[in-house]
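# build me a structure from this.
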Amino acid sequence: MVKNKDNKKLREFSKRLARKAAERGFFISCTFELTYKCNLRCIHCFNEGLKISELNFRQVCRIIDKLLDQGCLYFLFTGGEPFLREDFLDIYLYTKRKGGIITIYTNGTLIDNSALKIFEKYPPRKIEISIYGAEASTHDFVTRVSGSYEAVRKVIYKLRAMNINFSLKTMVMTVNKKEFWKIKKFAEKLGVGFRYDPVILPQRSGRDFNLVYRLAPEEFFKEIEIKDKERMDTYLKKWQRLDKYRAPNSTIYTCSGGRWSCSVDPEGKIKPCIFNSSGYDLLRGTMKEARSFLWSIVDQEWDGDVECRYCKIPPLCGNCPGKAELVKGDPQARIEYLCELGYLRARYLGIIEM
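From the prediction side, this is the model:
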């Protein structure tokens, strides 16, 4: 009970801080992609095949210092697989000792006893672990690495025994949809948070063969989402809460990206979010210049009467300028898959007519 109260207080504090950050022009949250490399080869992977140079430990620390000095508080370390970096725990401890509040996205398979001891002494805000099946055969088919299911299960139970805060997530695909409810039940039995997503995007490299594993919007909605009352209630509340921000807006970007949150890629380029292609070299530049660069992106105004400008159902679709740029090469573009999902939700919730 105390933990829940503490979490609620932290969320309320974070909201107040976000408003101040947006008003005064500093970033309080950063998603740091430390590497695109991974020890698994998941069939839906977003980053597969990417080969770019990566910052070394000192360079990572220099960027973290720049972010901390201008007010950043929350860090999300992700990849690829962050634990694949031999210096990841050093990066973690450096940020933690400097006052950073840290979340980690991981596949869980590389979390060893030395990492667990560090997390026990210096706990993260949360560790979010991906799991892709309720059976080893399904999970390992998705990861294309035999034994990955057993490895992640062992880590999950160790985290639970040590009372380290973690949650689970999954990507709902053609190959694991029959096990979805078992995966969800597994998370509920553990008493941890759980989230899921059907949106497989084309790879950053431009290849899209991974889309063969993506469920059709109607299939996902009717077989999974519509049966999840809590999720649908959350969509409705979110839509109602954000009604005052709805179109028509003068700018394309309406999210926090580039305003009070940012993303840094493995090369040290700062962006509004992980989906953006253009970035500013934060290692060599200044935070003042970085903010100006990001504002030049997120302050872009709509060019013409494009479809998404006057849409009444965001955020039910999940479309955004970053994703649109990635998939269509145009931040104003409509992603048909997301649009169809959004309208299925809107009709079901009574926001628009059936």
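# going forward, measure contacts between C-alpha atoms and count neighbours the same way
OK.
# which non-adjacent residue is nearest Phe151?
For residue 151 the amino acid is Ala, not Phe. Counting by CA to CA, 6 or more residues apart in numbering, Thr109 is the residue found nearest to Ala151 once chain neighbours are left out, at 5.2 Å.
# is it true that that neighbour touches Gly147?
No: counting by CA atoms under 8 Å, Thr109 stays clear of Gly147, with 9.4 Å between them.
# more crowded one of those two?
Between Thr109 and Gly147, counted using other CA atoms under 10 Å, Thr109 has the larger neighbour count: 23 against 14.
# from memory Ala290 sits against Tyr280, does it?
Yes: Ala290 lies in contact with Tyr280 (CA under 8 Å); the separation is 6.2 Å.
# overlap of the contact sets of these two?
Shared contacts of Ala290 and Tyr280, defined by CA atoms under 8 Å, 6 or more residues apart in numbering, comprise Ile270.
# now for Leu282: which residues touch it?
Taking CA under 8 Å, 6+ apart as the test, what Leu282 contacts is Ile63, Gly268, Lys269, Ile270, Ala290.
# sec struct for the fourth one, please.
Under DSSP: H, G, I helix; E, B strand; the rest coil, the three-state class of Ile270 is strand.
# which pLDDT value belongs to the residue nearest to Trp260 when sequence neighbours are not counted?
Leaving aside its sequence neighbours, Trp260 sits nearest to Phe27 (CA to CA, 6+ apart; 4.2 Å). We have a pLDDT of 92 for Phe27.
# Phe27 in helix, strand or coil?
coil.
# could you check the pLDDT of the residue nearest to Ala151?
pLDDT, Thr109: 98.
# quick one: it from Lys312, how far?
In this view, Thr109 and Lys312 are 42 Å apart by CA to CA, to the nearest Å.
# one more: Lys20?
28 Å.
# before we move on, what about Glu219?
Noted for Glu219: a distance of 23 Å to Lys312, by CA to CA.
# which one of those two has more residues nearby?
A direct count of neighbours by other CA under 10 Å for Glu219 and Lys312 places Lys312 higher, at 16 against 11.
# what are the phi and psi angles of the more buried one?
Backbone geometry at Lys312, expressed as degrees, to the nearest 10, gives phi -100, psi 0.
# how close does it get to Leu242?
Counting by CA to CA, the gap from Lys312 to Leu242 is 11 Å.
# for Gly108, same thing?
According to CA to CA, Gly108 and Leu242 sit 34 Å apart.
# so between these two, which is more surrounded?
Higher neighbour count among Gly108 and Leu242: Gly108, with 24 against 11, using other CA under 10 Å.
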